[in-house]
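Asker: Could you look at this predicted model? Sequence included:
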Amino acid sequence: MIIKMWNSLVDKGIGGVLTPWQMRREGSAAYELKAEEMIAFAHAEQSIKRIQLGRASLVWMEPILLSGPTAASNEPQLVPKGLNEYDHELVILANQRADVIRKEINVAKAVLEAETVLVQEAGAPPNAVPEIDWLYKWRDLAAETSSESMQKLWGSVLAGEFKKPGSHSLRTLDFLRCLSQTEATLIAKAASFVIAQALWSGVEGKFSPERGLTLVDATILQDLGLISSVGRGMSRRFEAAKGQPLNHLIISWNKALLVSGAVRQGQFSVANVSSLGMQIFALTNPKTNEDNLVDLGKFLKHSNLDVALVDFEDYGGRQYRWFNDVQL
């Protein structure tokens, strides 16, 4: 799947700065290539910073140092061979080139994050590939992101689109474009609290401040459109099928609660996660916050229910197998 992603991107001129390493990917250890790539990016980013600070310029991609201010002027002086005065057009051109390089590096880093996700995927890739307009939109938006946490999200959405083309809409891309780094950090934290496509509101409706998710956090997530019904008394209800004992699985990302017993039904208060919210939370590759899930299990036990923390396998079509039961 990784090779298919690389071929698709290179064919469309996306992530071209990685081309020197792409040719060697099948025959070299991934960690060795990643180290080379990150070292090259670090050198390039340092050059860009020097240009932005007015300490260097670029001529045909080569750095030209600027001298310090002279006694007669507070302006830095450009001193390449053959030039005796400050060349404003050259500086403008250098900054434009530096900006292009910065964007290419941002895209390349997001592509490498996608590679990190896809390397864990087994099986044959799908026959379809992401639509070309989607890829170009992704490239343009990822190019503007320099924060590491956001680059991880851009990489995850690219990997997800190659795993299942059409799974992430242009609306999802626009949402990511508007995220701040602080909001991205909150989303990554809150994702681990998702249970049954919702956030448990906690015993008193304050969510789980002792585990790291507060009512204020939930309100911000609601303002972002990722969850709804905060403070509105919504509940997740479950009950036994007619003529059957209660045997209900409450699923989080990689853990679940198995609820059973003589009582035929139960419920817990929630804020619902929207479809966009599930897409965005899934991009963070979350793992279940087990402490929070256990807290919910202990809460349900007060309703005379038997509750166990379990691992599970999803066979599709709402068919599951659970194992490693730990009674609460």
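Answerer: Received, thanks.

Asker: Wait, a strand at residue 293?
Answerer: No: using DSSP: H, G, I helix; E, B strand; the rest coil, the secondary structure at residue 293 is helix, not a strand.

Asker: Correct me if wrong: it contacts residue 255.
Answerer: Yes: in this structure, residue 293 is within contact of residue 255 by C-beta atoms under 8 Å, at 5.8 Å. (Each C-beta comes from the backbone N, C-alpha and C, glycine too.)

Asker: Return every residue with contacts to both of the two.
Answerer: Contact criterion C-beta atoms under 8 Å, 6 or more residues apart in numbering; residues shared by residue 293 and residue 255: residue 309.

Asker: Skip the chain neighbours and tell me the closest residue to the most centrally placed residue in the chain.
Answerer: In the chain, the residue lying closest to the centroid (C-alpha atoms, centre = their mean) is residue 153, at 2.2 Å. Distances taken as C-beta to C-beta, 6 or more residues apart in numbering put residue 283 closest to residue 153, at 5.3 Å, once the chain neighbours are dropped.

Asker: now do residue 152
Answerer: Beyond its immediate neighbours in the sequence, the residue positioned closest to residue 152 (C-beta to C-beta, 6+ apart) is residue 113, lying 5.2 Å away.

Asker: any idea which helix or strand carries that neighbour?
Answerer: Under the assignment given by DSSP states H and E, the secondary-structure element containing residue 113 is helix 88-118.

Asker: In terms of secondary structure, what does that helix contact?
Answerer: Using 3 or more C-beta pairs under 8 Å, 6 or more residues apart in numbering; DSSP states H and E as the contact criterion, the neighbours of helix 88-118 among helices and strands are helix 2-11, helix 30-52, strand 56-59, helix 132-142, helix 148-163.

Asker: again, only using 10 Å
Answerer: In terms of contacts (3 or more C-beta pairs under 10 Å, 6 or more residues apart in numbering; DSSP states H and E), helix 88-118 is packed against helix 2-11, helix 19-22, helix 30-52, strand 56-59, strand 62-67, strand 77-78, helix 132-142, helix 148-163.

Asker: thinking again about what came up before, who has more neighbours out of residue 293 and residue 255?
Answerer: A direct count of neighbours by other C-beta atoms under 10 Å for residue 293 and residue 255 places residue 293 higher, at 24 against 20.

Asker: Against residue 239, how distant is the more buried one?
Answerer: Computed with C-beta to C-beta, to the nearest Å, the distance linking residue 293 and residue 239 is 21 Å.
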